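1. Dropping a prediction and its sequence here:
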Amino acid sequence: DQQVKQNSPSLSVQEGRISILNCDYTNSMFDYFLWYKKYPAEGPTFLISISSIKDKNEDGRFTVFLNKSAKHLSLHIVPSQPGDSAVYFCAAPGGGGATNKLIFGTGTLLAVQP
Amino acid sequence: EPEVTQTPSHQVTQMGQEVILRCVPISNHLYFYWYRQILGQKVEFLVSFYNNEISEKSEIFDDQFSVERPDGSNFTLKIRSTKLEDSAMYFCASKDRTSNQPQHFGDGTRLSIL
């Protein structure tokens, strides 16, 4: 039941360049999406989100783009920094109800090379 | 910034023993969650809790699992008789009442079943 998919297990970019992390989803009822960053031995940390009524949300170096027709979202990090090296998870609240459990993708390991 | 705290950070237990994982959610949050991540796999939802009762649980959350909010601050996950396959990182999360707000995660408890 892979409602949220991240098809790239890893990505390596040079410091200062753009990192683009991709996420696909299958459930057209999803109306809110989140990106979390996770360092080893820490919990997921909320990074940025986007509502389905928007196609772009920007917060400093981080921008999330949503293409509802393609059921695709992407996270752009520019410029990338070595401290951005982490696992990035895409997630969506699913299952209905007020509590809205998060459904996570499998994650993409980003390595930013100095 | 307020954060979710989890104890212990690492728990080693013999198979068949009971284990209790503890969490202190962010103080004004109303929704509470447990997730787990088996090594190399995605973060999976276990259970959500609101208004002193379980709101939703996954198929993983069988009769061996229970949750409790024994006082105004703690939120616990109990596994009655642990199995080898319960070895995982267990993350607690909390969220405020507003819809489309992120869940905030603790740093997790690494549970190792011997």
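-> Cool, the structure landed. Residues are numbered from 1 along each chain as shown, chains lettered A, B, ... in the order given.
2. Give me the below-cutoff pLDDT ranges for chain A.
-> In the predicted model of chain A, residues A:1, A:95-99 satisfy pLDDT under 70.
3. Tell me the buried residues in stretch B:18-38?
-> B:19, B:21-26, B:29-37 (16 or more other CB atoms under 10 Å in any protein chain shown). Every C-beta, even on glycine, is put in place using the N, C-alpha and C of the backbone.
4. So what would you say the end-to-end distance of that stretch is?
-> With CA to CA, to the nearest Å as the measure, the ends of stretch B:18-38 fall 19 Å from one another.
5. residues in contact with residue 106?
-> Just so you know, I chose chain A. Under the criterion of CB atoms under 8 Å, 6 or more residues apart in numbering or on different chains, the contact partners of A:Thr106 comprise A:Lys5, A:Gln6, A:Pro9, B:Gln41, B:Lys42.
6. Actually, chain B is the one I wanted.
-> B:Gly106 makes contacts with A:Gly43, B:Glu3, B:Val4, B:Thr5, B:Gln6, B:Cys23, B:Phe91, B:Cys92, B:Ala93, as judged by CB under 8 Å, 6+ apart.
7. Check which strands are paired with the helix or strand of chain B at the bottom of the mean pLDDT ranking and give the direction for each one.
-> One helix or strand of chain B scores below all others by mean pLDDT, DSSP states H and E: strand B:53-57, with a mean of 92. Strand B:53-57 has its sheet partners listed here by DSSP bridges as strand B:43-50 (antiparallel).
8. What helix or strand is the residue nearest the centre of chain B located in?
-> For chain B, the residue sitting closest to the mean C-alpha position, by CA atoms, centre = their mean, is B:Trp34 at 3.1 Å. When elements are defined using DSSP states H and E, B:Trp34 is found to belong to strand B:31-37.
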